[in-house]
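Colleague: Have a look at this fold, sequence not included:
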């Protein structure tokens, strides 16, 4: 009878080891699936955010030429004042776009040319010596969406 109990105990121990291996494999499989799901969830959240930002960028880029037209009209009509109707419309449009993250790149004459924000259209003889290699004129405004340039400021450089 002692032989049977030893034989039974070894079979039971073998069965216990097999079951422990199955449990370990199941735990490992569960952890891998949980990690894959977490990675998938993070990836889809990021992709969704990028899709929204790209859509916003496309819409804002299509509206920027309207702002350009307002700027040209403002320059053409030198007698504008802040109560002028078209100026109010321009400001309201820009304020709405600013709420979405659109900002105008500030460029002033005499400022250093920055390749990360400006696009040089042409070079002309600098009217003053201190304007060599610097911005002489701004042709078209540049814009940033949050911290990314979506349109470079078109400028004329002095040489």
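Modeller: Everything's here; your move. Keep in mind that what you see is a predicted model, and the values were worked out from it rather than measured.

Colleague: how about the strands in the protein?
Modeller: Taking DSSP state E as the test, the strands found in the chain are 102-104, 118-124, 135-140, 143-145, 148-151, 153-158.

Colleague: could you say what helices and strands the fourth one packs with?
Modeller: Okay, so that is strand 143-145. Strand 143-145 makes packing contacts with helix 2-76, strand 102-104, strand 148-151 when contacts are defined by 3 or more CB pairs under 8 Å, 6 or more residues apart in numbering; DSSP states H and E. Every C-beta, even on glycine, is put in place using the N, C-alpha and C of the backbone.

Colleague: Just name the most buried of the ones you listed.
Modeller: strand 102-104 (a mean of 17; mean count of other CB atoms under 10 Å).

Colleague: Quick one: list the elements packing against it.
Modeller: The contact analysis (3+ CB pairs under 8 Å, 6+ apart) places strand 102-104 against strand 143-145.

Colleague: dump the residue contacts of residue 102.
Modeller: 60, 143-145, 150 (CB atoms under 8 Å, 6 or more residues apart in numbering).

Colleague: pLDDT weak spots in this protein?
Modeller: Per-residue confidence for the chain (pLDDT under 70) gives these ranges: 1-7, 78-84.

Colleague: could you check the distance from the residue nearest to residue 94 when sequence neighbours are not counted over to residue 46?
Modeller: Leaving aside its chain neighbours, residue 94 sits nearest to residue 67 (6.4 Å; criterion: CB to CB, 6 or more residues apart in numbering). Distance, residue 67 to residue 46, by CB to CB, to the nearest Å: 30 Å.

Colleague: likewise residue 147?
Modeller: Applying CB to CB, the value for residue 147 to residue 46 is 17 Å.

Colleague: what does residue 135 give?
Modeller: 37 Å.
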